[in-house]
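[1] Next come a sequence and a model predicted from it.
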Amino acid sequence: MGLIGEKIDSIKSIQIRQLLTQAISLGMIVTSALIIWKALMCVTGSESPVVVVLSESMEPGFKRGDILFLYMSKDPIRAGEIVVFNIVGRDIPIVHRVIKVHERENTGEVDVLTKGDKNLDDDRLLYAKGQLWLHRHHIMGRAVGFLPYVGWVTIIMTEKPIIKYILIGALGLLVIKSKD
């Protein structure tokens, strides 16, 4: 049994106090990440302040795997801005450019029509059946910055879940094995 037996004995030898300390440390890391995310939501006014570009529809401006930073203000959305929006019945938000703006005369509210830079047609086929324009409540935010290629980590872990499980297992073993 050699190496495996030694590893099992090593894991068993961790004292309860040490295990609790590691569990609390892990909990604090997770809690800190959640607090930072919620703070970013409050500061940016967006339900998702950071998104990953998942398709090639915005090339050459944004490539698959780029991370976008979003901000949502009360200012009206204008043609040419890049927005991230949700469509009823779709789980994944879409990143596209506003190509037309329609201002309602009676309320002054702005509706928008979007299109991917690489796409030939506008997004009306992506919208819910019968929907011709996006309304303010569909829009999660406007792109205000980006980091190229960093989102590939998310894409790889989503497309190849085994990598995600291996990474989580390795991190778990690291936490159990560390003796700080």
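    Structure's in. What do you need?
[2] Next SSE downstream of the worst-scoring helix or strand of the chain on mean pLDDT?
    None of the helices or strands of the chain scores lower by mean pLDDT, DSSP states H and E than helix 2-12, at a mean of 68. With elements assigned by DSSP states H and E, the helix or strand that comes after helix 2-12 is helix 16-44.
[3] Buried residues, that following helix. List them.
    Q22, T44 (16 or more other C-beta atoms under 10 Å). Bear in mind the C-beta positions are built from the backbone N, C-alpha and C, glycine included.
[4] how far out from the middle of the chain is it?
    Taking the mean of its C-alpha atoms, helix 16-44 sits 18 Å from the chain's own mean (C-alpha atoms, centre = their mean, to the nearest Å).
[5] Report the separation between the closest residue to G141 other than its chain neighbours and T44.
    Spatial nearest neighbour of G141, chain neighbours left out: L70 (3.0 Å); criterion: C-beta to C-beta, 6 or more residues apart in numbering. Going from L70 to T44 by C-beta to C-beta, to the nearest Å gives 6 Å.
[6] Helix, strand, or coil at the spatially most central residue of the chain?
    Centroid-nearest residue in the chain, with C-alpha atoms, centre = their mean: V51, separated by 3.6 Å. Applying DSSP: H, G, I helix; E, B strand; the rest coil to V51 yields a three-state assignment of strand.
[7] circling back: may I ask you to confirm that the residue nearest to G141 belongs to a helix?
    No: assignment of L70 by three-state DSSP gives strand, placing it outside any helix.
[8] Enumerate the beta-bridge partners assigned to it.
    Counting by DSSP bridges, L70 forms beta bridges with A143.
[9] which secondary structure elements does whatever helix or strand I166 lives in contact?
    Element membership for I166 (DSSP H and E) is helix 161-177. Helix 161-177 sits against helix 2-12, helix 16-44, helix 152-159, with contacts defined as 3 or more C-beta pairs under 8 Å, 6 or more residues apart in numbering; DSSP states H and E.
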